[in-house]
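*Asks:* Next one to model:
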Amino acid sequence: MALAREQKLSALGGLAAAAAHELGSPLGTMFVVAKEMKEELPPDDIYLPDVELLISEILRCREILQNLATLPEEDGGDPYNIIPIVSLIEAAVEPYEKIEIKTMITSGITSGASGKEGSDHPMVLRSPEILHSLGLFAQNAIQFAHENVDISVFWNERTITLTIHDDGPGFDSQVLGRLGDPLISNREHAQKAIESRKEEDGEHMGLGVFIATTLLAHTGGKVTYSNHLQGGAIVEVVWPRQRLEVEIPTVPNIDPSRSRPLPSGYD
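*Replies:* As a prediction, the model looks like this:
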């Protein structure tokens with residue numbers, strides 16, 4: 001039982017495993033204290049919105065950790081399958097697709113710095129860190145898109161670049177530079193972040209974005225956030241190709257002369 005638990009945590013990567021293991025108890029304590037504070041405050045107290053914000057962030061953090069802890073099981077218990085990069089993206093996006101939003105995934109080859117092309121389709125591990133992070137970005141884009149979400153992945157001999165662009169309202173300019181940080185220190189900026197990019201249940205996406213950014217950094221990916229000149233939010237992830245790509249194990253050749261004959265009745 002203990003061995004199975006350790007194997008499951010290892011599949012999440014060192015950072016996610018530490019978070020799932022270490023943050024559970026402190027989050028529970030914070031939630032109890034925050035709930036008691038809310039119950040003691042009068043409805044018109046100036047600190048009530050802050051306490052409610054704290055509670056929503058705690059719940060969001062707990063949900064993220066629960067998702068991280070169950071992700072390998074949802075992928076059939078084996079997150080280390082080697083698949084094409086496009087298949088990994090499709091697996092991350094598919095749970096969040098909506099009929100009313102057109103989600104397009106395109107892929108292709110670009111020229112590298114040396115002028116050579118990385119012609120082979122990159123094969124990568126079915127990583128729970130990448131599945132979770134890209135799933136969150138796709139969910140956010142689809143949630144705020146008016147009609148379209150364009151997802152592209154292009155590669156050359158040196159890099160693999162993923163871009164997610166929605167045609168929604170984009171990121172608030174005052175918090176754009178802080179996306180991916182664990183905390184937004186200014187309360188006004190925090191409120192703007194909540195109002196500009198929040199989920200259906202009204203919970204702040206900031207903590208989820210921070211965890212996704214950190215998990216992708218653990219895989220070698222660098223994440224940048226921006227707004228398109230013609231509207232909509234853009235999330236771009238760039239990996240060194242040699243960091244993300246893996247080789248497909250070769251099957252050894254079998255010498256027919258050394259194979260055993262079939263038992264009687266099987267020929």
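
*Asks:* Excluding chain neighbours, what is closest to Y96?
*Replies:* Take Y96 and drop its neighbours on the chain: the residue closest to it by C-beta to C-beta, 6 or more residues apart in numbering is Q139, 4.2 Å away. C-beta here means a position set from N, CA and C on the backbone, and glycine is covered the same way.

*Asks:* which helices and strands sit right next to the helix or strand hosting that neighbour?
*Replies:* If you go by DSSP states H and E, Q139 is part of helix 128-144. In terms of contacts (3 or more C-beta pairs under 8 Å, 6 or more residues apart in numbering; DSSP states H and E), helix 128-144 is packed against helix 14-22, helix 48-74, helix 85-93, strand 148-155, strand 159-166, helix 206-218, strand 233-240.

*Asks:* which ones are touching L41?
*Replies:* The contact partners of L41, taken as C-beta atoms under 8 Å, 6 or more residues apart in numbering, are Y47, L48, V51.

*Asks:* Mark which of these are buried, thanks.
*Replies:* V51 (16 or more other C-beta atoms under 10 Å).

*Asks:* can you list the contacts of L41 in a markdown table and add pLDDT and distance to S152?
*Replies:* Formatted as a markdown table, the contacts of L41 follow (pLDDT from 0 to 100; distance: C-beta to C-beta, whole Å):
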| residue | pLDDT | distance to S152 |
| --- | --- | --- |
| Y47 | 92 | 45 |
| L48 | 93 | 44 |
| V51 | 93 | 42 |
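
*Asks:* picking that back up, please tell me how far the residue nearest to Y96 sits from E94.
*Replies:* Counting by C-beta to C-beta, to the nearest Å, the gap from Q139 to E94 is 11 Å.

*Asks:* quick one: which of those two has more around it?
*Replies:* For Q139 and E94, the more surrounded residue by other C-beta atoms under 10 Å is Q139, and the numbers stand at 19 against 11.

*Asks:* Does that one touch K98 like I think?
*Replies:* No: Q139 sits out of contact with K98 when judged by C-beta atoms under 8 Å, with a separation of 10.1 Å.

*Asks:* from memory T163 sits against I151, does it?
*Replies:* Yes: counting by C-beta under 8 Å, T163 does reach I151; the two are 7.1 Å apart.

*Asks:* Among these two, which residue is more densely surrounded?
*Replies:* Neighbours of T163 and I151, each counted by other C-beta under 10 Å, are more numerous for I151; the result is 24 against 16.

*Asks:* returning to what we had before: just send the contacts of L41 back as CSV, with distance to L176 too.
*Replies:* As requested, the contacts of L41 are exported to CSV (distance: C-beta to C-beta, whole Å):
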residue, distance to L176
Y47, 28
L48, 29
V51, 27
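
*Asks:* which stretch in the helices and strands packed on helix 128-144 has the least confidence?
*Replies:* Looking over the helices and strands packed on helix 128-144, mean pLDDT reaches its minimum on helix 14-22, with a mean of 58.

*Asks:* what's near enough to touch T103?
*Replies:* Neighbouring residues of T103 by C-beta under 8 Å, 6+ apart: V93, E97, A138, I142, N148, V149, I151.

*Asks:* hmm, try it at 7 Å
*Replies:* Residues in contact with T103, defined by C-beta atoms under 7 Å, 6 or more residues apart in numbering, are V93, E97, I142, V149, I151.

*Asks:* A strand includes it, no?
*Replies:* Yes: the assignment for T103 by DSSP: H, G, I helix; E, B strand; the rest coil puts it in a strand.

*Asks:* What is the burial count for the nearest residue to L23 once chain neighbours are set aside?
*Replies:* Excluding its sequence neighbours, the residue lying closest to L23 (C-beta to C-beta, 6+ apart) is L65, at 6.1 Å. For L65, the count of nearby residues is 20 (other C-beta under 10 Å).

*Asks:* Do me a favour and get the end-to-end distance for stretch 142-155?
*Replies:* For stretch 142-155, the first and last residues are 24 Å from each other (C-alpha to C-alpha, to the nearest Å).
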